[in-house]
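1. Compute the structure for the input listed below.
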Amino acid sequence: MFQDGGTFPAKMRAAVQLPVVMAVYNGDLDTVEETLAAGVNAFLVEEDVGGSEGLYGAVCALKDFVRGRAAIYVSDRADVAGAAGVEGLILGAQALPTVVARRTMQAAAEEGGSVLVGRRVSSEEDGLRAEKEGADLILFSTD
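-> Down below sits the predicted model:
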């Protein structure tokens with residue numbers, strides 16, 4: 001059983017600081033400081049921030065603003081997550097296979113760096129499949 005404030009070694013690739021309190025980033029940096037103060041320690045940047053260039057820009061702006069105070073994950077886009085050098089990627093049901101996304105992220109990561117690749121699932125069956133495919137973390141969603 002995991003204890004609050006501990007770490008969970010993600011198959012010797014990276015570590016997740018527990019507990020994780022994740023917020024979806026909407027592209028508005030004005031709310032980030034308040035969100036951090038409320039205890040958020042991870043942000044998920046989704047693609048609806050303006051195409052590839054807009055998404056990359058939003059991820060980089062958030063990363064510069066946060067400066068290590070929270071982990072940053074990108075939804076579905078391994079290319080953008082890897083190029084921006086963030087902590088990880090959360091894949092949806094229609095996204096790349098976990099192993100392909102991991103290779104894409106590792107290729108872009110700094111030498112020796114490690115990345116997390118997670119899956120957003122909506123059922124226990126999907127969660128078990130994601131675990132079998134090598135997902136480091138699973139985000140259960142009812143959407």
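2. Which residues are in contact with E133?
-> Contact analysis of E133 by C-beta atoms under 8 Å, 6 or more residues apart in numbering lists 97-99, 119. For the C-beta atoms, the positions are set from N, CA and C on the backbone; glycine is no exception.
3. List only those of these flagged as buried.
-> 98, 119 (16 or more other C-beta atoms under 10 Å).
4. which two in the contacts of E133 are spaced the farthest apart?
-> V99 and R119 (11.9 Å; C-beta to C-beta).
5. what comes up buried for the longest helix along the chain?
-> Criterion DSSP state H: the longest helix present in the chain is helix 51-66. Under the neighbour-count criterion of 16+ other C-beta under 10 Å, helix 51-66 has 55-63, 66 buried.
6. okay, those residues in a markdown table with distance to V45 next?
-> Shown next, in a markdown table, are those (distance: C-beta to C-beta, whole Å):
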| residue | distance to V45 |
| --- | --- |
| L55 | 7 |
| Y56 | 10 |
| G57 | 10 |
| A58 | 6 |
| V59 | 5 |
| C60 | 10 |
| A61 | 10 |
| L62 | 6 |
| K63 | 9 |
| V66 | 11 |
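7. nearest to A84, of these?
-> V59 (4.3 Å).
8. List the contacts of the closest residue to that closest one other than its chain neighbours.
-> What sits nearest to V59 in space, not counting adjacent residues and going by C-beta to C-beta, 6 or more residues apart in numbering, is A84, at 4.3 Å. Shown in contact with A84 (C-beta under 8 Å, 6+ apart): 56, 59-60, 63, 72, 74.
9. Same question for A83.
-> Going by C-beta under 8 Å, 6+ apart, A83 touches 56, 108.
10. can you do 6 Å?
-> For A83, the contact set (C-beta atoms under 6 Å, 6 or more residues apart in numbering) comprises A108.
11. Just the endpoints, please. Distance across stretch 66-75?
-> Start and end residues of stretch 66-75 are separated by 18 Å (C-alpha to C-alpha, to the nearest Å).
12. what does it contact?
-> Residues from elsewhere that reach stretch 66-75, judged by C-beta under 6 Å, 6+ apart: 36, 41-46, 59, 62-63, 80-81, 86-90.
13. and it, how far out from the chain's middle?
-> From the chain centre to the centre of stretch 66-75 is a distance of 8 Å (C-alpha atoms, centre = their mean, to the nearest Å).
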